[in-house]
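1. From the sequence below, what's the structure:
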Amino acid sequence: MAGPRYRIELADIAAHRYRVTLTLDNPAAEQQFNLPVWIPGSYLVREFAKHLSGLTARQGSRELAVEQLDKAGWRVRCTGRAALVLSYDVYAFDASVRTAWLDSQRAFFNPSSLCLRAQGREAEPHRIELARVPKGWHVATAMAERDGGFEAADYDELVDHPFEIGPHWQGEFTAAGVPHRVVVAGAWPSFDGERLLADVQRICEAQIAFWGGAPFERYSFLLWAVDDGHGGLEHRASTALICSRRELPTAIEAAAPSDNYARLLGLFSHEYFHAWNVKRLRPAEFASLDYQRENYTELLWFFEGFTSYYDELFLRRAGLVDAPRYLKLLQASVNGVLAAPGRRVQPLAQASFEAWTKYYRPDENSPNATSNYYAQGALVALCLDLSLRARKSSLDALMQRLWTRSEGGPVSERDILAAVAALGGDDLAAQLHGWVHLTDELPLRELLAAYGVAWRDEGRQSVAQRLGLRVRESALTGVQVSHVLAGGTAEAGGVNARDEILGCNGWRLRRLDDAPGLLKVGEAQLRLLVSRDQRLVELGVALPPARPAAVGLALADGAQAARRRWLGA
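-> Residues are numbered from 1 along each chain as shown. The predicted structure follows:
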């Protein structure tokens, strides 16, 4: 008896619709089906079923009724053992890595958006066959190809393999004996594919060496270049990526990658590291996944945050950036975390648990109420790495110990703390627990100084920073307030998010940084005129003195040996 089989047609490209036919031999008398509500790696219930329509069922020539049980579940009452055939349409026009897309230029889908799960049959082999693929389009996926179709061992494997289909660019390389493929859709004609292949190969070789081998037989990077976008989603033997075309290397790219290109390489590095750290080494709560509801863990600070630490570090280890450039990347993370008051409100463990309702649904108050388990988790990893190195160990040793002891499987916070204690002592394990369960400041400055990295003030605050605001400015729209940060004088003076600041001290204002020039000598009170819900409101806001705008990190003269062991320089 064959397992579930899906025929996926690129049925109506102009209308962005796939047609899916699911054939199930020997169905249950009351066969139930579900479509996942989320995709692993992106912790938000996304309700993929909202794009499914026209679901019908039949056995042989007999039409069967389809009963909807909930928002993403259906039941069909079957008679006999004849194959059950379901047919339905899926609308696909989400320009992201999480769901599905279909237009005249390309097709992309995650099976979690298209492939209903047949309850009771999840452990059987699953097969996908594609139909009505336009001439000249190619199919790229890491799923095994057999007999004109694609096969997965079970439903978990099926939904862990995205498909990229179209007239895309493709290149290949081998890293540590493992074949890798890079697929790029939507690139400009000036795109330098050979440069990208060579640089990504260096990242992959460095990471495979770090972990002691690759846990996959082949790997695919599926990249979509768009006008504006950036992100990725990890899978067991591939990743789906999206970037701005400006991030791609071109024929005139300098030897050192531009800031945009370095950002893209960091994305490749991040998602590739996930093949080990989250797809295999994973939270104990994710030992088995429930696709129909939230799956909670307090460990995203480790699985996302520590991966975020290593993604740029591997650019350094692969020789793609030098030590000063790496510190520039690191300081951007430091400044981003320090600019958000929410780091003093929400512990990282709580931020991990609440990702489902907070991280992926930010609003104007998010900087005040939430911490970022990516960026702040990366700084915890930095602190732990430097602390372990001071004790003759390293974060590398910790990651490799967890990998070996778990056999590349689930781990708990207790496992992580036990490994830290074994390598660095019980007191360091207690510190780590505090870093992720409390909201105290991290000892970044002291630890970096011990490794020959100077912490210094840079620049002067903008007026928005002095007031505790985040704004959008343009000559056409003026000054629009997007966020009011907790503890700032703007908050105390009554400024609200979504206010439009029209004037200051009797003058029309189009740039907030012009405001100090509208004050008399010795005056420090801004009289702001704002538009709020069509009403004009006058507010008095104190303008604090300007302080340094950011933290700068730079190589210092001391501790060169320790720094060399950490950064190789």
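
2. what residues are up against His161?
-> Applying CB atoms under 8 Å, 6 or more residues apart in numbering, we find His161 in contact with Pro111, Thr141, Ala142, Met143, Phe150, Ala152, His235, Arg236, Ala237, Ser238. For glycine as for every other residue, the C-beta is placed from the backbone atoms N, C-alpha and C.

3. Next SSE downstream of the longest helix along the chain?
-> Ranked by number of residues, the top helix in the chain under DSSP state H is helix 193-211. Downstream of helix 193-211, the first helix or strand assigned by DSSP states H and E is strand 219-226.

4. need the contact list for the nearest residue to Arg202 once chain neighbours are set aside.
-> Nearest residue to Arg202, sequence neighbours excluded (CB to CB, 6 or more residues apart in numbering): Ala318, at 4.0 Å. Neighbouring residues of Ala318 by CB under 8 Å, 6+ apart: Asp199, Arg202, Ile203, Glu205, Ala206.

5. so can I have a markdown table of those residues showing neighbour count?
-> Formatted as a markdown table, the contacts of Ala318 follow (neighbours: other CB atoms under 10 Å):
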| residue | neighbour count |
| --- | --- |
| Asp199 | 24 |
| Arg202 | 18 |
| Ile203 | 22 |
| Glu205 | 17 |
| Ala206 | 21 |
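
6. can you map out the strands along the stretch 451-569 of the chain?
-> 453-460, 469-474, 478-484, 500-504, 507-508, 525-532, 535-542, 548-555 (DSSP state E, counting those that start in this stretch).

7. Tell me the helices and strands packed up against the last one.
-> Other elements packing on strand 548-555 under the criterion 3 or more CB pairs under 8 Å, 6 or more residues apart in numbering; DSSP states H and E are helix 323-338, strand 453-460.

8. Please convert the strands of the stretch 451-569 of the chain to TSV, extending it with distance to Val76.
-> As requested, those are arranged in TSV below (distance: least, CB to CB, whole Å):
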stretch	distance to Val76
strand 453-460	63
strand 469-474	51
strand 478-484	49
strand 500-504	55
strand 507-508	66
strand 525-532	54
strand 535-542	57
strand 548-555	60
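
9. Can you lay out these as TSV showing mean pLDDT and mean neighbour count?
-> Formatted as TSV, those follow (pLDDT from 0 to 100; neighbours: other CB atoms under 10 Å):
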stretch	mean pLDDT	mean neighbour count
strand 453-460	96	15
strand 469-474	95	16
strand 478-484	96	21
strand 500-504	96	20
strand 507-508	94	12
strand 525-532	97	19
strand 535-542	98	14
strand 548-555	96	17
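
10. Looking at those strands, spot the one closest to Phe33.
-> For Phe33, the closest of the strands of the stretch 451-569 of the chain is strand 478-484, at 42.5 Å, according to CB to CB.

11. contacts for that closest one?
-> Outside of strand 478-484, the residues within contact range by CB under 8 Å, 6+ apart are 364-368, 468-473, 490-491, 495-502, 509-512.

12. again, but for stretch 342-359
-> For stretch 342-359, the external contacting residues (CB under 8 Å, 6+ apart) are 43-45, 294, 296-301, 305, 337, 366-373, 376-377, 380, 413, 435-439.

13. Just the buried subset of those residues, please.
-> 43-45, 297-301, 305, 337, 366-373, 376-377, 380, 413, 435-436 (16 or more other CB atoms under 10 Å).

14. quick one: the strands in the stretch 301-450 of the chain?
-> Using DSSP E, counting those that start in this stretch, strands in the stretch 301-450 of the chain cover 410-411.

15. For the stretch 251-400 of the chain, which segments count as helices?
-> Under the criterion DSSP state H, counting those that start in this stretch, the stretch 251-400 of the chain contains helices at 259-273, 300, 307-317, 323-338, 348-353, 366-369, 375-389, 395-406.

16. What distance do you get for the closest residue to Thr297 other than its chain neighbours to Leu299?
-> Distances taken as CB to CB, 6+ apart place Pro283 nearest to Thr297, at 4.0 Å, with adjacent residues excluded. From Pro283 across to Leu299, the span is 5 Å (CB to CB, to the nearest Å).

17. who touches both of those two?
-> Joint contacts of Pro283 and Leu299 (CB under 8 Å, 6+ apart) are Ser412.

18. centre of the chain versus stretch 11-21, how much separation?
-> Relative to its parent chain, stretch 11-21 has a centroid offset of 28 Å by CA atoms, centre = their mean, to the nearest Å.

19. List the contacts of it.
-> Under the criterion CB under 8 Å, 6+ apart, residues 6-10, 85-93, 100-104, 109, 114-116, 132, 134 lie in contact with stretch 11-21.

20. Report the separation between the closest residue to Ala422 other than its chain neighbours and Ala378.
-> Of all residues not flanking Ala422 in the chain, Arg401 sits nearest, at 7.4 Å (CB to CB, 6+ apart). Distance from Arg401 to Ala378, counting by CB to CB: 20 Å.

21. Run a quick neighbour tally on Asp192.
-> 17 (other CB atoms under 10 Å).

22. With Glu446 instead?
-> For Glu446, using other CB under 10 Å, the count is 11.

23. quick one on the thing from earlier: want to throw the contacts of His161 into TSV with neighbour count?
-> Listed next are those as TSV, based on neighbours: other CB under 10 Å:
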residue	neighbour count
Pro111	28
Thr141	23
Ala142	23
Met143	24
Phe150	23
Ala152	22
His235	29
Arg236	18
Ala237	20
Ser238	29
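
24. right, and Leu553 touches Trp455 too?
-> Yes: with contacts counted by CB atoms under 8 Å, Leu553 reaches Trp455, the gap being 6.5 Å.

25. So for the two, which residues contact both of them?
-> Leu448.

26. what residues are up against Leu382?
-> Applying CB under 8 Å, 6+ apart to Leu382 gives the contacts Tyr309, Leu330, Leu444, Leu447.
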